[in-house]
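Novice: Sequence below, structure please.
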Amino acid sequence: MEEYRTSSHAVYKCIYHFVWVPKYRYAVLMPKIKERLKKILQELCEWIDTEILEGGVCSDHVHLVLSVPPKHSPSFVMKILKGKSAELLRKEFPDLAKRYWGMHIWARGYFVSTAGVNEERIKKYVREQEDDQKKEEQLRLWRN
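Specialist: Numbering: from 1, shown residues only. Predicted coordinates for the structure are as follows:
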């Protein structure tokens, strides 16, 4: 079970692939901004107890594969990552304020997809659980 993570009340494997873009898909994520954005995203993920499994920052979009605790929804994760990173990047890179007015650097939407255990493996696990329970019930009948 080393691929699963644990919290105080759950054992889980909630893996999401996120992609988001700067407003108007401008290629504003230049080398200095990229490096700072990576550090910001790492800090934010640590803050919300989320593990970065893979990540990539291109000049006009960001890809992250994250292991997220079940207490956080994908929309909550995006709210934190996009909102806080935009705030910090605008403070540290005044040139971004010239291109983007208001508090927004990122476009409104994002892409999210789940990843993880395949469907057949889950079905097999469920079938085996039912079989195990039936066996236990049979054993209990014979012991009494």
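Novice: Before we move on, what's the pLDDT of the residue nearest the centre of the chain?
Specialist: Central residue of the chain (CA atoms, centre = their mean): Leu66, 3.5 Å from the mean position. pLDDT, Leu66: 93.
Novice: Which residues are in contact with Ile52?
Specialist: Counting by CB atoms under 8 Å, 6 or more residues apart in numbering, Ile52 makes contact with Leu41, Gln42, Cys45, Leu64, Val65, Leu66. Heads up, the C-betas are built off the backbone N, CA and C, glycines and all.
Novice: out of these, which is most surrounded?
Specialist: Leu66 (24 neighbours; other CB atoms under 10 Å).
Novice: Tell me if I am right that it is in a strand.
Specialist: Yes: assessed by DSSP: H, G, I helix; E, B strand; the rest coil, Leu66 belongs to a strand.
Novice: related to what we said a few turns ago, in the sheet, which residues pair with the residue nearest to the centre of the chain? Tell me.
Specialist: Note on Leu66: beta-bridge partners Tyr16, Ile52, judged by DSSP bridges.
Novice: my guess is it contacts Arg5, does it?
Specialist: No: the pair Leu66 / Arg5 is not scored as a contact, 11.3 Å apart, by CB atoms under 8 Å.
Novice: which neighbours do those two share?
Specialist: Glu51.
Novice: picking up where we left off before, so which of the contacts of Ile52 comes closest to Val11?
Specialist: Leu66 (17.5 Å; CB to CB).
Novice: where along this protein do the helices fall?
Specialist: 31-47, 74-92, 94-99, 119-143 (DSSP state H).
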